[in-house]
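Q: return a 3D structure for these sequence lines:
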Amino acid sequence: MSEAHPSLRVARVYLRVSTDAQDLERQENIIEAAKASGYYVAGVYREKASGARADRPELLRMIDDLQPGEVVIAEKMDRISRLPLEEAERLV
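A: Take a look at the predicted model:
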C-alpha cells in the first residue's frame, strides 16, 4: 500500500499487557493518536503475555506483517520487549 502512495505513513500498533488481570483498554487510545498524527494503521496487534518472552504469537505476526518503511507504535518500548536490546533486535 505504501508503494502506491509514497507519502503515506504506515504504522502497525502493538498493545500488550503482562497478565490476564490487566486490561488493554488504557492503550487503545494509541490507535486514534496514530491516525490523528497522519498514520494509516495497517494492523493492530493485541496481546496478554510477558514481555520477557520472545515467542508471543501477536508480536511474531506483527514482525512477519511489517513491510519496509512501516513503523511500529506502542505505548512504551517495554510493551514490545523486556529482553535486553541485543536479544530484542534478533526478533526482526
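
Q: only C-alpha atoms from now on, for both contacts and neighbour counts.
A: OK.

Q: ramachandran angles for the closest residue to Arg9 other than its chain neighbours?
A: Once flanking residues are discounted, Arg9 sits nearest to Tyr39: 5.0 Å by Cα to Cα, 6 or more residues apart in numbering. Main-chain dihedrals, Tyr39, degrees, to the nearest 10: phi -90, psi 140.

Q: thinking Tyr39 is in contact with Leu8, fair?
A: Yes: under the criterion of Cα atoms under 8 Å, Tyr39 makes contact with Leu8 at 7.3 Å.

Q: these two - which one has more neighbours?
A: Tyr39 (18 against 15; other Cα atoms under 10 Å).

Q: any idea which element the residue most central in space within the chain lies in?
A: Residue closest to the mean C-alpha point of the chain, counted by Cα atoms, centre = their mean, is Tyr14 at 2.5 Å. If you go by DSSP states H and E, Tyr14 is part of strand 9-17.

Q: how far off centre is that strand?
A: Here the centre of strand 9-17 is set off from its chain's centre by 3 Å, with Cα atoms, centre = their mean, to the nearest Å.

Q: toward the C-terminus, what is the element adjacent to it?
A: Next along the chain after strand 9-17, taking DSSP H and E as the criterion, comes helix 29-36.

Q: distance between that following helix and the chain's centre?
A: Mean-position distance between helix 29-36 and its chain equals 13 Å (Cα atoms, centre = their mean).

Q: report the angle between the axes of that helix and strand 9-17?
A: Compare the direction of helix 29-36 with that of strand 9-17 by axes from the mean of the first three to the mean of the last three Cα atoms, to 10 degrees and you get 170 degrees.

Q: poorly predicted segments of this protein, please.
A: 1-6, 82-92 (pLDDT under 70).

Q: can we see that at 90?
A: Filtered on pLDDT under 90, the chain yields the residue ranges 1-8, 17-26, 49-56, 76-92.
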